[in-house]
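Trainee: Next input, structure requested:
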Amino acid sequence: MAKKFIDIMDTTFRDGFQSVYGARVLMNDFFPALEAAKDAGITHFEFGGGARFQSLYFYLNEDAFEMMDKFRSIVGKDANLQTLARGVNTVMLDTGSRELIDLHAKMFKKHGTTTIRNFDALNDVENLKYSGERIVHHGLKHEVVVTMMDLPPNCVGAHDVAFYERILREILDAGISYDSVCFKDASGTSSPQKVYETIKMARRLLPEGTHVRLHTHETAGVSVSCYLAALEAGADGIDLAAAPLSGGTSQPDILTMLHAVKGKDYDLGGLDVEKILKYEDVLKGCLSDYFTPPEATQVSPLIPFSPMPGGALTANTQMMRDNNILDKFPQVIDAMREVVEKGGYGTSVTPVSQFYFQQAFNNVMFGKWKNIAEGYGKMVLGYFGKTPCAPDSEVVKLAAEQLKLEPTTQKALDIADRDESKSLAHTREILTKEGIEINDENLFIAAACKEKGIAFLKGEAKVNVRKISQMQKTKEVALNQVASSNNGKYSVVVNGTTYNVEVKEGFSDGVEAKSITPVSAPQVQTSSKTSTGEAILSSLPGTVSKILVKVGDSVKKGQAVVILEAMKMEIEVPAANDGVISVIEVIQGQNVQNGQVLARM
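Mentor: Residues are numbered from 1 along each chain as shown. Sure, this is the predicted structure:
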């Protein structure tokens, strides 16, 4: 009897990149490994979408559409190239208008996509209707998704087999067209038994011949067991990755799974061990210069208590590294448990996982529930759809008060369509103003990536990739500057400002700076009367995103003065009292540290 063929999607070049490197891998660095994967007989790849859209513009100064075109040219016309979409959010963190959702499907079809895996983090089927319709309309295969996780201990009301059956029945009753069904566990927290029972339930409920697959991560240490359970229950496909982008926060390794099914009646994609070994060897060479965060290779027994998805974990730790606050990460993960419990049990997958993380981060940095993150607050208030269970009433009240929004039961799409800033007409105006060519690609880049998309289109984007050679070079330069007297002349960076400093050599009663010359000092705004004044301080490390006042402005207590960008959040820095702005000590785009003076009043 022939073994059952199991379709294997190689997630290395999308979820693997996201789970290990925060999605920051340059295309020309990994294309040789893609050639090796093709030679190894792999024909189904996850190649874009999710964080591998915005990240290219945010951190790599690369065009995602160009990357997708080149990817297709390497693997050939017959390969199944799959992307990940977040329902009405598509590849954004916020709800898109109907225009943007349609443009997303149109552009991804144009640039080589075969299949779009389409999920909603709240499992609100309303958010899958229009997005799924446009995917099918533009000639793409639609893989509809039920998102999974385990709840923290002693929590009930969602994320059991009965809940997943209800969601699947709602999908079927809604008449959503689909080509396959995926159960997606981004945090890898579901137990093998629940996976087995869920796939069995789906097999009973779905028409015979429906392609059913499971997606999970190794983060909690049970991914191989979950895949075996899914296969025993009748799943037709699973997702795997190649070393060094497998295991840990990513999917199980292809070789590991081939070993796990030895003696069983499953043929994993017709893959050959020796060919996969060669592919992984090439991949390791391609990525040898990339810094691998230690947390990306670890399995955590705490993840089931605070379900942080593998795809979000390293992106967040990398941002915390960049802001010199990585020491806070264990506290943030611990704080996530309460945030999930009180948030209505949306699945911990983007964007909800980011909302959970942002709120946990705020609870650690500013005190419990003192600062409601905008995304989390809007979620519990209903602006992204209906949460599986009602959120905590006190948290809903705090969110309404702090965000100055009332709870809503309106459809997320209808709310987005009324937002003029999410219209294509608004984006066209921005492109015209910036002198950027108006075409479908540029419209979607600008709409999806906002200011950073505009910066890319204007040629102003920067590359921010953690490579070992660059890190060593930076360290060597710093050491050389310290070791060399350079005749007592140095360049020193203080709070983002570069100074040329000449220091007197030898010992004296005190250090004598003979001259200090600013090289790139911020254009500080001051009033005609110099004032020390009351300092308005940065509440955490980040980048100055917007300055909302100018010198001479009267401000009220609690009024936002500066907006900082950190951890994918915009954080308002308010005035502590009524007063008049006397000095602004930073400029837009400047990096600031925790407690740094931003302005005085």
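Trainee: and Ala575, what is it in contact with?
Mentor: 536, 555-559, 561, 601 (CB atoms under 8 Å, 6 or more residues apart in numbering). Backbone N, C-alpha and C define where each C-beta goes, glycine included.
Trainee: and the spatially closest residue to it that is not a sequence neighbour, how far is that from Cys155?
Mentor: Distances taken as CB to CB, 6 or more residues apart in numbering put Val555 closest to Ala575, at 4.5 Å, once the chain neighbours are dropped. Counting by CB to CB, to the nearest Å, the gap from Val555 to Cys155 is 43 Å.
Trainee: Tell me which of the two has more neighbours.
Mentor: Neighbours per residue, other CB atoms under 10 Å: of Val555 and Cys155, the larger number sits with Val555, 20 against 14.
Trainee: and that one, what are its bridge partners?
Mentor: Counting by DSSP bridges, Val555 forms beta bridges with Gly579.
Trainee: My guess is it contacts Asp578. True?
Mentor: Yes: between Val555 and Asp578 there is a contact at 7.0 Å, judged by CB atoms under 8 Å.
Trainee: Who are the packing partners of the lengthiest helix in the chain?
Mentor: The residue-count maximum for a helix in the chain (DSSP state H) belongs to helix 440-457. Here helix 440-457 touches helix 51-55, helix 98-110, helix 424-434, going by 3 or more CB pairs under 8 Å, 6 or more residues apart in numbering; DSSP states H and E.
Trainee: Now do the buried residues in the second one.
Mentor: Right, the one you point to is helix 98-110. 98-109 (16 or more other CB atoms under 10 Å).
Trainee: Dump the residues you listed into TSV; add distance to Lys422 and pLDDT as well.
Mentor: Formatted as TSV, the buried residues of helix 98-110 follow (distance: CB to CB, whole Å; pLDDT from 0 to 100):
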residue	distance to Lys422	pLDDT
Arg98	9	97
Glu99	8	97
Leu100	6	97
Ile101	10	98
Asp102	13	98
Leu103	11	98
His104	12	98
Ala105	16	98
Lys106	17	98
Met107	16	98
Phe108	19	98
Lys109	21	98
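Trainee: which one of these is nearest Lys411?
Mentor: Comparing those against Lys411 with CB to CB places Arg98 closest, at 10.8 Å.
Trainee: That closest one: what's it in contact with?
Mentor: By CB under 8 Å, 6+ apart, Arg98 lies in contact with 130, 413, 416-417.
Trainee: Considering those residues, which possesses the most neighbours?
Mentor: Ala416 (23 neighbours).
Trainee: so it touches Glu99, yeah?
Mentor: No: taking contacts as CB under 8 Å, Ala416 lies outside contact range of Glu99: 9.4 Å.
Trainee: Tell me which residues are up against whichever strand or helix holds Glu338.
Mentor: Assessed by DSSP states H and E, Glu338 sits inside helix 329-342. Contacts of helix 329-342 with the rest of the structure, by CB under 8 Å, 6+ apart, involve 151-152, 155, 302, 305-308, 316-317, 320, 348, 356-357, 359-361, 363-364, 368, 376, 380, 391-392, 395.
Trainee: Show me how to select, in ChimeraX, the buried members of these.
Mentor: Provided next is the ChimeraX selection string for whichever of the contacts of helix 329-342 are buried by 16+ other CB under 10 Å:
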select :151,152,305,306,307,308,316,317,320,348,356,357,359,360,361,363,364,376,380,391,392,395
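Trainee: Give the buried residues for the longest helix of the chain.
Mentor: Neighbour-count burial for helix 440-457 [16+ other CB under 10 Å]: 441-450, 452-457.
Trainee: and if you look at stretch 23-30?
Mentor: Buried-residue list, stretch 23-30, by 16+ other CB under 10 Å: 23-27, 30.
Trainee: repeat for stretch 89-98
Mentor: For stretch 89-98, the neighbour count (16+ other CB under 10 Å) marks 89-92, 94-98 as buried.
Trainee: With stretch 152-169 instead?
Mentor: Within stretch 152-169, the residues that count as buried by 16+ other CB under 10 Å are 152, 158-159, 161, 163-165, 167-168.
Trainee: Give me the subset of the residues you listed lying in helices.
Mentor: 161, 163-165, 167-168.
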